[in-house]
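1. give me coordinates for this.
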Amino acid sequence: MISTITLAVPGYVWIPFIVLGALLVLLLLLAVLGRIQNGRYLRPLVLLLARIPLMKRWFQRMSVAQLERSNPELASAVKKMQAFGEPTSPDQVQRALRVLTPAERKAYLEAAGGESSPAVEATNRQQRRRLEHGGAGMPVKPPAASSRPGAAGRKAGGKKKKR
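-> The predicted structure follows:
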């Protein structure tokens, strides 16, 4: 009599294969999305993943590594600017730019200039007036301050008296 031996594989053995297979499918999906229309459909996914602090650091490292390969001066300028922090005033911007070498400053300003939107030129009087008045046709003015002395520090509505 010939007996057949059957191997019973428990279910928990398949878990690593399932996880690895899912990661492989995810990696292939990301590769395909990155190729379609120059990553148009991958960008929203990356922005969503960048909300996770660990993923954000990974994306920044990958971005700087790619930048170092393509433009080393710009990469070192970006690193220095990140170390300096986000400038909030024109003086801080000037101090941050003084830290850069001339080659880094040139590369950084070229990159920053390329990201800004092109200046809109008005071709006729109506378009010039719209630009001057904020696009809606109404003059753009800051809210008028009160002429009363000391009124700038007061808040609207009086304080209630304590009993």
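
2. pull out the buried positions in the longest helix anywhere in the chain.
-> The longest helix of the chain (DSSP state H) is helix 15-35. Judged by neighbour count using 16 or more other CB atoms under 10 Å, the buried positions of helix 15-35 are 33-34. Every C-beta, even on glycine, is put in place using the N, C-alpha and C of the backbone.

3. stretch 58-70 too?
-> For stretch 58-70, by 16+ other CB under 10 Å, it's 64, 67.

4. report the rounded mean pLDDT for it.
-> Mean pLDDT, computed over stretch 58-70, is 90.

5. for that stretch, which outside residues touch it?
-> 46, 49-50, 74-75, 78-79 (CB atoms under 8 Å, 6 or more residues apart in numbering).

6. which residues does the longest helix of the chain contact?
-> 39, 41-42, 45.

7. so which of the residues you listed are in helices?
-> Among the contacts of helix 15-35, the members found in helices (DSSP H) are Leu45.

8. which of the contacts of helix 15-35 ranks first by neighbour count?
-> In terms of neighbours by other CB atoms under 10 Å, the contacts of helix 15-35 top out with Leu42 at 18 neighbours.
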